[in-house]
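**Q** Got a predicted structure here, sequence first:
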Amino acid sequence: MTRKKNKQTDKSKVPSSAVLHTEETETQAGDFRRASFFRRLAAIIYDALVATAVAMCAGLIIQAVLLVLFEFQLIDTKGHEHYMDLFQVSDSLKLIANVWVGFWVASFFLWFWKHGGQTLGMRAWRLKIYNLKDEKDISYARLLLRMLTSFLGLGTLLVLFDYKHKQSLQDRIAQTEVLFLSKEANDHKSW
């Protein structure tokens, strides 16, 4: 019995003001612990695979659009007979393609974080982002700040050194936290 009480007074838990809404019950987010480094790492690896697929699809689309524009000579061919010859020497086309792909990868993370607090990898590893600032939804601006300050996931390394709070760099800056959910709270019916 004392062991159960010690778990409830764990410093890595959320303030009881944050609330997780489900269809059946309203659960205090304080019932969940902050996620460990290795659980976060597993979710990052999973999400990296999904983000790679998103990037490949976005890259395919932009390359097809640019190829059509090249073939109909709607963009300057600069004397090149083949589109890939032009693409390899054109910094502006590379920039357009990279910005397009980056936009879709960033949109993948931002949309999932905003709508449900979980990416696909976070869902698989039962992790969820919560707002520490107030009980409202996290704004896109704060989620973008969280994304930029994660430095492609390197900000999560801080969790290894922060034994007391288990906060990553991006969560500290954006005033969010990542919690490890129970199976019931992570159920798709709770979405």
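**A** Happy to help now that I have it.

**Q** rest of the way, CA atoms for contacts and neighbours
**A** OK.

**Q** And for residue 133, the neighbour number?
**A** Using other C-alpha atoms under 10 Å, residue 133 has 12 other residues around it.

**Q** now swap in the one 4 residues further on and tell me
**A** Using other C-alpha under 10 Å as the criterion, residue 137 is surrounded by 13 other residues.

**Q** Could you double-check that it sits in contact with residue 117?
**A** No - the pair residue 137 / residue 117 is not scored as a contact, 9.3 Å apart, by C-alpha atoms under 8 Å.

**Q** Quick one: distance of the helix or strand containing residue 170 to the chain centre.
**A** Residue 170 is part of helix 169-174, with elements assigned from DSSP states H and E. Its chain's C-alpha centre and that of helix 169-174 lie 13 Å apart, by C-alpha atoms, centre = their mean, to the nearest Å.

**Q** Buried ones in that helix, by neighbour count?
**A** When burial is assessed from 16 or more other C-alpha atoms under 10 Å, helix 169-174 yields the following buried residues: 169, 170, 171, 172, 174.

**Q** Run through the neighbouring helices and strands of that helix.
**A** Helices and strands touching helix 169-174, by 3 or more C-alpha pairs under 8 Å, 6 or more residues apart in numbering; DSSP states H and E, are helix 140-149, strand 176-180.

**Q** From the centre of this protein, point out the most distant residue.
**A** Outermost residue of the chain with respect to the C-alpha centroid, by C-alpha atoms, centre = their mean, is residue 79; its distance is 42.3 Å.

**Q** tell me the secondary structure for that one?
**A** Using DSSP: H, G, I helix; E, B strand; the rest coil, the structure places residue 79 in coil.
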